[in-house]
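**Q** Any chance you could fold what I've pasted below:
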Amino acid sequence: MASARAHRNVISRRTFFKGALFTQVALLAACAGEGPGGVRSGQATPEGAEAEARPLPIPPLEQGTLNGTTRSFELTAQQGEYEIVPGTKTKTWGFNGPWLGPTLYMRQGETIEMKVNNALDEPTVVHWHGLHLPAAADGGPALIFDPGTSWEPTWQVEQAASTCWYHPHPHEISALHAYRGLAGGIVIADDASDALGLPQEYGVDDIPVIITDAKFTEDGQLDETIDPTYGLLGTTPLVNGITKPRFEASTSRVRLRIFNGATMRFHHLSLGVPFNIIATDQGLLDAPIEADAVLLSPGERVEIIVDLEEGKDLMLRSDGVPNGGGLPDEEVANGFGLQDTFDLLEIAAPEHDTALDALPAQLVPVVRPDVSGAPEREFRLNGFQINEQSMDMERVDFVIDHNGPEVWHVTNENSDWPHNFHVHNARFLVDKVDNGEVAFTEGWHDTIYVPPLSTVTLIVEFGWHPDPTLAYMYHCHMLFHEDEGMMGQFVMVEPGQKANLRPMPEGHHH
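**A** Numbering: from 1, shown residues only. Next comes the predicted model:
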């Protein structure tokens, strides 16, 4: 196995169009003329940027109730208020609290019994993003449930160790519900990952970093004004729900589980020093990859290992997407926030260095499925449509009647809009990218950036849970695009079965 250092240039080689040189130029340009909060010249100053840093809130770790191999959880979606910006109480939503939700811990092979209570004043539903599970538990929009009622899905944890998350998925209003605070992390563990010696003490050396954003009204409330082109694009970045956080590390090695939970914003993340990427959306890589930066589109996750030196504090920054994400029009790129820069999270080094072992040379094998003779499908993203169709809850776009991989060709037909692509109940490898480059394609993903006029070819594996009555979604995870119709649905059936969708709940037809 090649050393981690030998892999270092993978990201540079795959940076959009211009490669490492452009990245360095972009970073220098971004740092020039920075205002409070590390923003570039001409960019709105984030709320709270000039306040004192506050301790990074760590979402509580919820391990549920374990009875044998069955783990039971209860979540309540509720209203509240929270001090997102220092000195201001903002009305918010959250799970089991006023804002965001706990981190759910589960292990491969366990049976999960979940109860979700809706204490809001409007219907919602919760999707377990990244999990492979029956459509009846997936939390797609057909499973929406009313205020004052509960939903009790159950499933078995099939997949290997990974960082997933949960968020709302009501048809046409997913972005608004997520923006109000309904989101939390999921940590899936297994024996193979436990044995690797990676940091895994939650809240100490294994830290969730949930990146979202917000805009605020003059009285400090969430501004829910939706731009007809750019959606809910917040001008103030938040990490674990607050502005300007600081994490005081007590160990010299820290594992960051980074979630891009933004509804629309991309983040090109750096620390000013090299770090090691150990996992993507769907689990561990086959070996650590040393990198200087990594791009996350909305919905993506990455796990990185950061080695700290005494007296050398670090800043997790969003540096602006190299080359504007491939968008030719700078004004449009700015509209999507692709050239915005932010300081996100200060990481204070421990007072004393600790001798660190080398990271494992091998993590978990990533095995490419045999796709000879596999079905192939084409997805053309354009505006707010996929394959020239807007989402219709009563239409089945296709049926999968086999338990095997498929090859999907996903094309962004827009020359001036970014899109990404997420598939429910699935994981995929990036086979190739035509007419463009994607910044990081190693490992298993469930969400991927699709640059303008590019085609990304995916090798897709699915959880095998045939049910002709309920569908799984695929969609752009820029949630405004999803809400505007950039979504489709597929049904998994036994060979010879036909799809027979159950009706939407009464009063929830769109």
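**Q** Let me see the contact set for the nearest residue to Asp205 once chain neighbours are set aside.
**A** Ranked by CB to CB, 6 or more residues apart in numbering and with sequence neighbours excluded, the top spatial neighbour of Asp205 is Pro199, at 3.8 Å. Just so you know, the C-beta spots here come from the backbone N, C-alpha and C atoms, and that holds for glycine as well. Contacts for Pro199 (CB atoms under 8 Å, 6 or more residues apart in numbering) come out as 205-206, 251, 253-255, 305.
**Q** Recalculate using a threshold of 10 Å.
**A** Going by CB atoms under 10 Å, 6 or more residues apart in numbering, Pro199 touches 205-207, 251, 253-256, 278, 303, 305-306.
**Q** Ok, Ala355 next?
**A** Ser252 are the contacts of Ala355 under CB under 10 Å, 6+ apart.
**Q** That one: what secondary structure?
**A** Assigned with DSSP: H, G, I helix; E, B strand; the rest coil, Ala355 falls in the coil class.
**Q** Use 50 as the first number from now on
**A** All right, first residue 50 from here; so that's Ala404.
**Q** how close does it sit to Pro135?
**A** 38 Å (CB to CB, to the nearest Å).
**Q** so where do the strands sit in the stretch 50-199 of the chain?
**A** 103-104, 110-111, 114-116, 119-131, 139-144, 152-156, 160-167, 175-178, 199-200 (DSSP state E, counting those that start in this stretch).
**Q** To Ala210, which of those lies closest?
**A** strand 152-156 (8.7 Å; CB to CB).
**Q** can you give me how far stretch 392-400 is from the chain middle?
**A** Relative to its chain's centre, stretch 392-400 lies at 22 Å (CA atoms, centre = their mean, to the nearest Å).
**Q** is the residue nearest to Glu427 when sequence neighbours are not counted in a bridge, and if so with what?
**A** Nearest residue to Glu427 in three dimensions, chain neighbours excluded: His458, at 5.0 Å (CB to CB, 6+ apart). Here His458 sits in beta bridges with Glu427, Thr506, as judged by DSSP bridges.
**Q** With neighbour count as new columns, can the contacts of Pro248 be given to me in CSV?
**A** Shown next, in CSV, are these (neighbours: other CB atoms under 10 Å):
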residue, neighbour count
Asp254, 19
Asp255, 19
Ile256, 22
Thr300, 16
Arg302, 18
Val303, 23
Arg304, 23
Leu305, 22
Ile327, 26
Glu352, 23
Ile354, 21
Val355, 22
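**Q** Name all residues that make contact with the closest residue to Gly360 other than its chain neighbours.
**A** The spatially closest residue to Gly360, leaving aside those adjacent along the chain, is Ala398, at 6.2 Å (CB to CB, 6+ apart). By CB under 10 Å, 6+ apart, Ala398 lies in contact with 297-298, 301, 303, 355-363.
**Q** any idea what sits nearest the residue nearest in space to the middle of the chain, other than its immediate chain neighbours?
**A** Closest to where the C-alpha atoms of the chain average out (CA atoms, centre = their mean) is Gly348, at 2.5 Å. In this structure, Gly348 finds its nearest non-sequential neighbour in His526, 3.6 Å apart by CB to CB, 6+ apart.
**Q** ok, how many other residues are close to the one you found?
**A** Neighbour count for His526, taken as other CB atoms under 10 Å: 28.
**Q** what are the phi and psi angles of it?
**A** The phi/psi pair for His526 (degrees, to the nearest 10) reads phi -90, psi 10.
**Q** what's the angle between the host helix or strand of Ile260 and strand 152-156?
**A** Taking DSSP states H and E as the criterion, Ile260 maps to strand 255-263. For strand 255-263 against strand 152-156, the angle by axes from the mean of the first three to the mean of the last three CA atoms, to 10 degrees is 140 degrees.
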